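> Mind folding the following:
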Amino acid sequence: MKLMRLGISVILLSLLVIMFTGCQPEFVPGTYIDDMGREVNIDKVPQRIVSFGPSITETLFALGLEEKVVGVSDYCDYPEEAKLKPKIGDAFNPSLERIVELEPDLVLTLEQEQLNRELDTLEIKYMVMEPKDIDGILRNIELLGKVTGTGERAEQLISDMQEDISNVTNRVENAPKVGVFYIIDATDPNNPWTAGPGSFVDALITMAGGENIAAQAQGDWVQFSLEQIVSSAPEVIIIQTMVGGIPTISAEGLEEHSVWQEMAAVKEGRVFIIDGDLVSRPGPRIIQGLEEMAKVIHPELFTTEVLEPELVELG
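From the prediction side, this is the model:
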């Protein structure tokens, strides 16, 4: 009887352990595939992580891993706490000496051949995190959750993002398509740079109920002639902010240009500025970029109670 009672006690204790730990996915050592198709063996939870991408850093912080982030690129500026982390240059001009000093057990980097070759030489373990689409962003969040032992938090973040995506796409599903011209860089207003097919911006415009007038261009980032823009007659013009939160041209700049000023979108004040970080960084805040894009393209479908994007109308 004593042995039976002891056996029952052990079983009950085991069940309690499962109940209280089962909801927290344990880290599982194994081989993981990064965005370059590389097999990376992760045999223990990384304790010292270096990030070379602003979107990667944002994801790490969103997963509650800020204490394990020991170094970030010069461009990692969100959240505010990321600015306080030691800087290690950027993917094109890395400070290898600084990286070695930080003794990372995992570096999260981009598809930058020279840097990654040098990390190989230094025998520093790294994973390339550079998704190509929205699904890729979600997959990377899931991957980071598995690699860092934060699977439950990653699943919740993904679920929240998917819900927000559905909220937007469901609202605009039956709305008429709105022609959009997106300005990345208008330093030369006669041949501005825009987002072509395959870019995150192009995907967000479509998901937000718009039609990118540069959707048939060749390449992710392309120059679009003024003649092409005029002939496409965009209904909405969106200007992206660059580094420092400043766009390369304003609505006033378009109004003063002899050709731009004649476009209906400019005449009727449908020129908007949007935070470039939200729409070009492949991390959790891409959903905020989608919401802001939808607010601009279909303002009639979104009340201030539903979405309150940080948009500034310039016109």
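
> Can you tell me which helices and strands the lengthiest helix in the chain packs against?
Taking residue count as the measure and DSSP state H as the definition, the longest helix of the chain comes out as helix 151-172. In terms of contacts (3 or more Cβ pairs under 8 Å, 6 or more residues apart in numbering; DSSP states H and E), helix 151-172 is packed against helix 134-148, helix 200-207, helix 286-297. Every residue, glycine included, has its C-beta placed from N, CA and C.

> Mean neighbour count added to these, as TSV?
Converted to TSV, the helices and strands packed on helix 151-172 look like this (neighbours: other Cβ atoms under 10 Å):
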stretch	mean neighbour count
helix 134-148	20
helix 200-207	23
helix 286-297	24
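
> quick one, which of those is nearest to residue 245?
Distances from residue 245 to each of these were compared using Cβ to Cβ; the minimum, 14.0 Å, belongs to helix 286-297.

> Please enumerate residues in contact with the closest one?
With contact meaning Cβ atoms under 8 Å, 6 or more residues apart in numbering, helix 286-297 is reached by 134, 137, 161, 164-165, 168, 171-172, 178, 180, 200, 204-205, 207-210, 236, 238, 272, 274-275, 278-280, 301-302, 307, 309-311.

> got it, and stretch 68-76?
Counting by Cβ under 8 Å, 6+ apart, the neighbours of stretch 68-76 from elsewhere in the structure are 46-54, 57, 60-61, 82-83, 85-91, 98-99, 102-104, 148, 243.

> Just the ones of the residues you listed in helices?
54, 57, 60-61, 98-99, 102, 148.

> I figured residue 119 hits residue 106, correct?
No. With contacts defined as Cβ atoms under 8 Å, residue 119 does not count as touching residue 106, sitting 10.7 Å away.

> Next secondary structure element downstream of the longest helix of the chain?
Next in sequence after helix 151-172, counting helices and strands by DSSP states H and E, comes strand 178-183.

> Please name every helix or strand in contact with that following strand.
Under the contact definition 3+ Cβ pairs under 8 Å, 6+ apart, strand 178-183 sits against strand 193-195, helix 200-207, strand 210-212, helix 226-232, strand 236-240.

> quick one: contacts of the helix or strand that the third one is followed by?
By that I understand strand 210-212. Past strand 210-212, heading to the C-terminal end, the next element that is a helix or strand (DSSP H and E) is strand 221-223. If you take Cβ under 8 Å, 6+ apart as the criterion, strand 221-223 is touched by 184, 191-196, 199, 214.
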